[in-house]
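Trainee: Need a 3D model of the sequence below.
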Amino acid sequence: MSRSSNEVLHKLENGILEITVNRPENRNALSSDLLKNLLEVFREFSKNNQVRVVTVTGAGDKVFCSGGDLKKTASKDASKEALKETLKETSKDFGQKIQTEYYRELLLEMKRCPKPIVALAKGHVLAGGFGLLLACDFAIACEDIYLSTPEINVGMFPMMVMGLLSRHVGPKRCAELALLGEKISPLQAMNYGILNQVYSREKFDTSAQELVKKLASKSGKIMQMGKEAIVKSDDMPLPEALRFLESALRELKTTEDSREGIRAFVEKRQPLWKDR
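Mentor: Here you go, the predicted structure:
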């Protein structure tokens, strides 16, 4: 099954939902309309039992996503009056919401999504696009791209991206990336804990496909319970986290797939998942 809007393409096949940010002519920038469409796609498919894994990528090979659409918000020659009118129309058109509100809701929806999400970065990752990548559970990239939060260089700051960035790299690395706004290589990003793997452009598609297929071969129920446990325990103090995870483990053991997995291991065969 596949459907699309103009700016967000999505296709569901063999349990894999492929989502593509489709504005290559605008460096896959995140307009309010695009963010609204992305949010709707995640909300629609999060509870779809046919979906086992989600992938997120940007159209073309140059830019994964360049973040907020500054050109659409205000052109170089825009007057203050024109800018106010643009913001007013944006708010009116999308139920009194603006770009940042959709972005916030999208990041939260991705973190709450019960399916594992894989970012496939074949192009540069910038600004709000960085946050999109960080909201995914896995992230792989081509070795010849760069990642950056360059907002400081244009009188802005990656305020919302920092909520995820600091959780990945710690406060000092977060300050370094946000305050300097410099580019980092995929290998640096992998060392910082931002990326899982880096591949040559020639090997990227094959390697990405292998990873996604591996994830799709796991129990959907166990992956859902595991991801939920990761998200919920992430900000808990250790004693509270361990108590919560202990109860989550007890619940997991009652599932059909947990029992099937153990039986298959003992019988030395591949498990037959029921996603229950």
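Trainee: List the buried residues of stretch 174-183.
Mentor: 174, 177-178, 181, 183 (16 or more other Cβ atoms under 10 Å). For every residue, glycine as well, the C-beta is placed using N, CA and C.
Trainee: got it, and stretch 225-234?
Mentor: So, applying 16+ other Cβ under 10 Å, buried residues of stretch 225-234: 225-227, 229, 233.
Trainee: Now tabulate those residues in CSV and tack on pLDDT.
Mentor: Formatted as CSV, the buried residues of stretch 225-234 follow (pLDDT from 0 to 100):
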residue, pLDDT
225, 94
226, 95
227, 93
229, 94
233, 93
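Trainee: wait, which of the buried residues of stretch 174-183 is closest to residue 210?
Mentor: Distance to residue 210 across the buried residues of stretch 174-183 (Cβ to Cβ) is lowest for residue 183, with 28.2 Å.
Trainee: Point to the helix or strand of this structure where mean pLDDT is at its lowest.
Mentor: helix 80-93 (a mean of 46; mean pLDDT, DSSP states H and E).
Trainee: so, if you compare the buried residues of stretch 225-234, which one comes nearest to residue 38?
Mentor: Nearest member of the buried residues of stretch 225-234 to residue 38, counting by Cβ to Cβ, is residue 227, at 19.0 Å.
Trainee: and the closest one, what element?
Mentor: helix 220-233 (DSSP states H and E).
Trainee: what residues does the following helix or strand past that helix touch?
Mentor: Past helix 220-233, further along toward the C-terminus, the next helix or strand under DSSP H and E is helix 238-253. Identification of contacts with helix 238-253 by Cβ atoms under 8 Å, 6 or more residues apart in numbering yields 222, 225-226, 228-229, 232-233, 236, 258-259.
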